[in-house]
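[1] What shape does this take:
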Amino acid sequence: MNHPNSLYYGDNLNVLRQSIADESVDLIYLDPPFNSDRDYNILFSSPKGASSEAQITAFEDSWHWGEQAESEFNEIMRQSNTAVAEMMDALRRFLGEDDIMAYLTMMTNRLLELHRVLKPTGSLYLHCDPTASHYLKIVLDGIFGRKQFGSEITWQRHNSHNDSKNKYGAVTDTIFFYVKEKHSLQLPRTDLSKKYVKNFYRHDDGDGRGLYQLADMASPSPRPNMMYEWQGYAFPKKGWRYERDTMQKLHDEGRIYYPADKKQRPRLKRYLNENQGKPITNLWTDIKPLTGAAAESLGYPTQKPVALLERIIEASTSEGDVVLDPFCGCGTAVHAAQKMGRKWIGIDITHLAVSLIEKRLRDAFPDGSFVVEGTPKDLEGARDLANRDKYQFQWWACSLVNAQPYQGKKKGADGGIDGLIYFQDSTDTKNNKQHKKIIVSVKGGSSVNVAMVRDLAHVVQREKAHIGLFVTLTPPTKPMLVEAVKEGYYESPHFPANTFPVIQILTVEGLLEGRERARFPDLARGSATFKKAKLEEKQVNQKGFFDES
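    Numbers count the residues shown, from 1 in each chain. Model prediction:
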């Protein structure tokens, strides 16, 4: 079944059913689409002065009732949790066959599977916004049980937001926390503020123990057996908080403050260096959202800060536990899990996301390795993907040459461009001359011809690019190879011993087998094409957990 540190391409419902074992996961974090009825675009890194074309729709966050929704709803009606079936039937009668019902049907089927794979001691965190959060909580109550609800966490993701004149600005997301059966929560703590320390830790005996505050030693409720005189001080009205043995131990340790006036009561010394900080509450305002300018930002539209996932993972797992994210996006949850020494499983339905996560993990953890499942491993798999989904094939093929997939305004309007690569071949920063462009054209059909090579050469000239990559599933003909050579070579001022064909024909099979690669000089080592994830300095050695695929 599932292997730790695995990244899956595919519909998470199918992956969960086919590849993830019962009760094998310690923590599930999911940040699914919110049914916001909008498109989310990835903003790729591009050199200064390049056009704003370097973006592509990551996913369309809209759902509609149709054959798929009806089929999944019927599955819910037939599964064993009758309470969930009755609940969904009632919601359908209330909502009808509208978009929100289609969304809830999709989520319910997947949450049932997530409940199955969660260990009895495991927990689930579902990240959502007010679009459907009230309905999602009903679904979660039905699947987990109302008593298994832990917290409704509110995360402040914006400081201000002018999103409407007719409602209050939306600045928060909701994270629902549920446990399966029993769960030990290790609440993280926040550091005490300087103001708090100044106001409450005002005493210091000069004995090296440092600052302390004075705490009441009286019992909050009547305790007759605690009503005894201590060191000449009368007991409080309801008695002391501690038994005699404990009081003696505190006295011997010098932890009791005795006032000169016997009419006052002794007080306990609580030292600052023993205070581990304040336990966090369900209101999270201290983790800042990502902006486009943040060093951590990779351009993914719904990317969450690593600190948010680190907090969740710290609270609900121990080192070596398994973390699952079934809506991986750009991979923040698996990144945080890897960083913190946890095993992980990630799933996403687009090759675009999977390739971005692969790159992110290799940049941040160069010594780590992981298994990627569901992506083509050979020519037969590539052909199957091309036959099933032209655009997923194009996105995947672009990842073979480390190119940004290109979409433009809409699918099909690419003008002969399927991918872009920027490379640096100059140290001259004037007029942005240090960055140059490569056009990528992907062909997944069963036949290719000379005209296609000529078309690519025309696009390279039109776009004022310097190199064109023709990535083909079908082997090129000899006339195609001759036509490519006619376009000449790009000569690099920094690599005078090498020349680089202006038009390079690369086969998918050759790229998969490592026999072929795109040839071009790049002083930036790829950083002009993709934002590079920061190298994580402290890496947990997890060799033995996983194998390279």
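
[2] tell me the secondary structure for the closest residue to R78 other than its chain neighbours?
    Leaving aside its sequence neighbours, R78 sits nearest to A85 (CB to CB, 6 or more residues apart in numbering; 7.9 Å). Every C-beta, even on glycine, is put in place using the N, C-alpha and C of the backbone. Under DSSP: H, G, I helix; E, B strand; the rest coil, A85 falls in the helix class.

[3] try the one 5 residues further on
    On the three-state scheme (three-state DSSP), A90 is labelled helix.

[4] can you check F423 too?
    What three-state DSSP gives for F423 is strand.

[5] Hmm, it is touching S527, no?
    No - counting by CB atoms under 8 Å, no contact exists between F423 and S527, whose distance comes to 10.1 Å.

[6] Touching, E314 and Q186? I think so.
    Yes - at 6.8 Å, E314 counts as touching Q186 under the criterion of CB under 8 Å.

[7] So the two - more neighbours on which side?
    Neighbours per residue (other CB atoms under 10 Å) separate E314 from Q186, with E314 holding more: 14 against 10.

[8] wait, is that one part of a helix?
    Yes - assigned with three-state DSSP, E314 falls within a helix.

[9] tell me the contacts of it?
    Q186, P188, M340 (CB atoms under 8 Å, 6 or more residues apart in numbering).

[10] Please repeat the previous calculation with a cut-off of 10 Å.
    Residues near E314 by CB atoms under 10 Å, 6 or more residues apart in numbering: Q186, L187, P188, A336, M340.

[11] how about these, which pair is most distant?
    Greatest spacing in those, by CB to CB: L187 and A336 (17.7 Å).

[12] Quick one: the helices in the stretch 401-549 of the chain, in order.
    Ranges of helices within the stretch 401-549 of the chain are 450-462, 478-486, 508-513, based on DSSP state H, counting those that start in this stretch.

[13] between those helices, which gets nearest to R93?
    Proximity to R93, assessed across the helices of the stretch 401-549 of the chain by CB to CB, is greatest for helix 508-513 (50.0 Å).

[14] Give me the distance from that closest one to the chain's centre.
    30 Å (CA atoms, centre = their mean, to the nearest Å).

[15] cool, and stretch 482-491?
    Taking the mean of its C-alpha atoms, stretch 482-491 sits 43 Å from the chain's own mean (CA atoms, centre = their mean).

[16] try stretch 106-115
    Taking CA atoms, centre = their mean, one finds stretch 106-115 lying 19 Å from the centre of the chain it belongs to.

[17] returning to that earlier point: between F423 and S527, which is the more surrounded one?
    F423 (24 against 15).

[18] what's near enough to touch the residue lying closest to that one once chain neighbours are set aside?
    Spatial nearest neighbour of F423, chain neighbours left out: D522 (4.0 Å); criterion: CB to CB, 6+ apart. Listed by CB under 10 Å, 6+ apart, the contact partners of D522 are 402, 421-425, 435-436, 438, 492, 494-495, 528-529.

[19] which strand is the longest one in the protein?
    Looking across the chain with DSSP state E, the single longest strand is strand 118-128.

[20] can I see the domain layout of the chain?
    Domain assignment for the chain, taken from automatic domain parsing, gives 6-188+279-373, 194-274, 379-513.

[21] Do I have it right that T529 meets I438?
    Yes - counting by CB atoms under 10 Å, I438 is a contact partner of T529 at 8.8 Å.

[22] Pull up the overlap in contacts between these two.
    A403, G419, L420, I421, Y422, F423, D522.

[23] Hmm, which of these is lowest in pLDDT?
    pLDDT across the shared contacts of T529 and I438 is lowest for D522, at 88.
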